[in-house]
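Chemist: Can you look at this prediction? I've put the sequence above it.
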Amino acid sequence: MGQQVLITGGAGFIGSHLADQLLERGHRVRVLDSLAAQVHGDAGERPAYLHDDVQLMRGDVTAHADVRRALRDVDAVYHLAALVGVGQSMYQIEAYTRVNEVGTATLLEAIVEQGGVGRLVVASSMSVYGEGRYVDETGRVARNVSRDVDAMRRGQWEPVDGDGRALQPAPTPEEKPAELASVYALSKYAQERLALIVGHAYGIPTVALRFFNAYGPRQALSNPYTGVLAIFASRLLNGRPPIVYEDGRQLRDFVSVHDVARACAAALEADAAAGEVINIGSGQPRTVLEVADRLAAVLGRSDVKPHLSGQYRVGDIRHCYADVERARRLLGYEPRMSFDDGLAELAQWVARQGAQDHVEQAHGELNTRGLTV
Ligand code: NAD
């Protein structure tokens, strides 16, 4: 028989896809979501894409009463509610700490109060790694990897090790120590640790999934602080060039939201995953410039060339892509969506949306605060 599942933040991008998959597997899905204006617009209406069978409770993850109500008779919880902008977290410090950290604490307290749940899955992020893993020319894992702001001013973007030697990026495994370079990253790490510590203490099987760059339909085009592909797409639709930081050769791991949702669904029942931190990515490194060009092509806007800003955002990393071996082993995870198919699907969806573009404003907010170099 299916379980009663609660997804916090389940009206959002990843949560709504997860809801579809859980319903398909015969579970009942309740969502607790504040319908944050930055994601859902000022009207705060139930998103049209949210499956009709989802029971939506509008409420705030930092409000004890809302959380208690949402938890009633729940077998399992996915905690996805969060503010998700790295750049924005550097000036909305209080809001990011409150929603992401205090929100998680509030949820955990309520779960403990009601005697636990059968499973807790918490959304963490690749941002906790800071820079990804690098190896030196002998293949040894590099230590003290860093980038020098003066070198970046001269256009030298690649990080070096403690002795100033050149390095190669490598897949990032979960053992890589966290290096927290933004308020957002700190808050995701706190969410992950809080959930694992409390889960361990109370015998609640808890899994922390570190998502890489998820992309696909339903990602808020109105939110200039989230997915780079959604941002590029809304710029291109307006005939405006995507703004690419640095020289565009930084590597990221773009993973289809369908693969992310499948991994989340698998984490509900995989016994071996309890107590673990697991990367969810595609395992395929791609440069930001490549994805900008390919997206322009699928949107039929190859005439609009990306704008290379040559700027560095404070806290930004150079390269990070996932080692997904642990997800394969513990969740039976295999990324299925090819990048071409994923881009085509994204393009189709974006073309149906009203074009929105708040990127100049967001870029301006970072500039005026001295958060770009
Ligand atoms: P999203 O913004 O689409 O979804 C988040 C949802 O949380 C939204 O519907 C929003 O209304 C809701 N929310 C915000 N504040 C809330 C509050 N105080 N109470 C209740 N609900 C609230 O973002 P997403 O991309 O679907 O991200 C989901 C989770 O995955 C987040 O925890 C995010 O940090 C994590 N994550 C996402 C990515 C990615 O690439 N999208 C990567 C790493 C981690």
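Modeler: Looks like it came in fine.

Chemist: Low-confidence bits of the chain, can you list those?
Modeler: Low-confidence segments of the chain (pLDDT under 70): 222-226, 354-373.

Chemist: burial count for the residue of the chain found nearest the ligand?
Modeler: Nearest residue of the chain to the ligand, counting by CB to the nearest ligand atom: residue 12, 2.0 Å away. Using the backbone N, CA and C atoms, a C-beta is placed for each residue, glycine as well. A total of 29 residues lie near residue 12 under the criterion other CB atoms under 10 Å.

Chemist: For residue 81, pull up the helix or strand it's in.
Modeler: Following DSSP states H and E, there is no helix or strand that holds residue 81.

Chemist: Could you do residue 7 as well?
Modeler: Element membership for residue 7, per DSSP H and E: strand 4-8.

Chemist: From the chain's centroid, how far away is that strand?
Modeler: Chain-centre distance of strand 4-8: 19 Å, with CA atoms, centre = their mean, to the nearest Å.

Chemist: Which strands border that strand, and is each parallel or antiparallel?
Modeler: Here strand 4-8 is paired, per DSSP bridges, with strand 28-33 (parallel), strand 76-79 (parallel).

Chemist: Show me what it is in contact with.
Modeler: By CB atoms under 8 Å, 6 or more residues apart in numbering, the surrounding residues in contact with strand 4-8 are 15, 18-19, 22, 27-33, 61, 70-71, 73-81, 103, 107, 268.

Chemist: Show me where the protein has its helices.
Modeler: Under the criterion DSSP state H, the chain contains helices at 13-24, 37-40, 64-71, 86-89, 93-96, 103-113, 149-153, 183-202, 228-237, 257-266, 288-298, 325-331, 339-352, 359-368.

Chemist: Which strands or helices does the fifth one pack on?
Modeler: What it means is helix 93-96. Here helix 93-96 touches helix 183-202, going by 3 or more CB pairs under 8 Å, 6 or more residues apart in numbering; DSSP states H and E.

Chemist: my read: residue 282 touches residue 256, true?
Modeler: Yes - using CB atoms under 8 Å, residue 282 is in contact with residue 256, at 7.4 Å.

Chemist: who touches residue 167 in this structure?
Modeler: 134-136, 142, 145, 158-161.

Chemist: Residues of the stretch 1-150 of the chain that sit close to the ligand?
Modeler: Neighbours of the ligand within the stretch 1-150 of the chain, by CB under 6 Å from any ligand atom: 8-9, 11-15, 32-36, 39-40, 60-62, 80-84, 99, 103, 123, 125.

Chemist: Alright, that wraps it up for me.
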